[in-house]
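A.B. asks: kindly return the folded structure for what I paste below:
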Amino acid sequence: MKNLVLLIILTFSGIFSTNAQKKETFTLTINIFGLESNKGALMVGIYNSKSEFLKNQYKSEIVKIKDKKSIVIFKNLAAGEYAVSFIHDKNNNKKMDTNFLGIPKEDYGCSNNAKGFMGPPKYDDARFLLTKDKSIQINI
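C.D. replies: As a prediction, the model looks like this:
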């Protein structure tokens, strides 16, 4: 009888701990509009911390452009705070081209359509909360 009770307790504790370990994840769909051309590709990155914004991406994708727009979908993202940035890599050299003053020669953008003043956009302007499946739009 003791063994039966112990077996039942262990079974239920295993079920509850398995359910507690499951993490809910979400899908983020990013729609990018207003690109100058269909040349090259878009390098899209997601950031999950202010200190890494525009430095080290949490996740990234390179996607094609069609009709001067593109869609990228990131799946299995945990709930939390994120920011998105992209570069239109027109010549496929895997970097943002700039002029001699450091001003970008290729299209770029961030979530919330954040723009920088005399420099890159700020994380606080681009951040958003992901607590359910979400679709965002970024315009050039």
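A.B. asks: report the secondary structure state of the residue nearest the centre of the chain.
C.D. replies: The centre of the chain sits closest to residue 46, judged by CA atoms, centre = their mean, with a distance of 2.8 Å. For residue 46, the assignment made with DSSP: H, G, I helix; E, B strand; the rest coil gives strand.
A.B. asks: from residue 99, how far off is it?
C.D. replies: To residue 99, residue 46 is 28 Å away according to CB to CB, to the nearest Å. All C-beta atoms are positioned from the backbone trio N, CA, C, and that covers glycine.
A.B. asks: and residue 35, how many neighbours?
C.D. replies: 23 (other CB atoms under 10 Å).
A.B. asks: which ones are touching it?
C.D. replies: 42, 65, 68-70, 88, 107, 140 (CB atoms under 8 Å, 6 or more residues apart in numbering).
A.B. asks: same question for residue 106.
C.D. replies: Contacts of residue 106 (CB under 8 Å, 6+ apart): 87-90, 96-97.
A.B. asks: likewise for residue 68?
C.D. replies: Per CB under 8 Å, 6+ apart, neighbours of residue 68: 33-38.
A.B. asks: now do residue 61
C.D. replies: Here residue 61 is in contact with 43-44, 72, 74 (CB under 8 Å, 6+ apart).
A.B. asks: and the strands in this protein?
C.D. replies: Using DSSP state E, the strands found in the chain span residues 25-33, 41-47, 59-63, 69-78, 80-89, 108-110, 128-130, 134-139.
A.B. asks: tell me which of those lies nearest to residue 121.
C.D. replies: strand 108-110 (4.5 Å; CB to CB).
A.B. asks: what's the burial count for residue 101?
C.D. replies: 5.
A.B. asks: how much space between it and residue 26?
C.D. replies: 40 Å.
A.B. asks: quick one on the thing from earlier: now the contacts of residue 106: which count as buried?
C.D. replies: 87-90 (16 or more other CB atoms under 10 Å).
A.B. asks: which of those residues lies closest to residue 78?
C.D. replies: Checking the buried ones among the contacts of residue 106 one by one against residue 78 (CB to CB), the nearest turns out to be residue 87, at 25.1 Å.
A.B. asks: you'd agree that closest one is up against residue 43?
C.D. replies: Yes: shown here, residue 87 and residue 43 form a contact pair, counting by CB atoms under 8 Å, at 4.8 Å.
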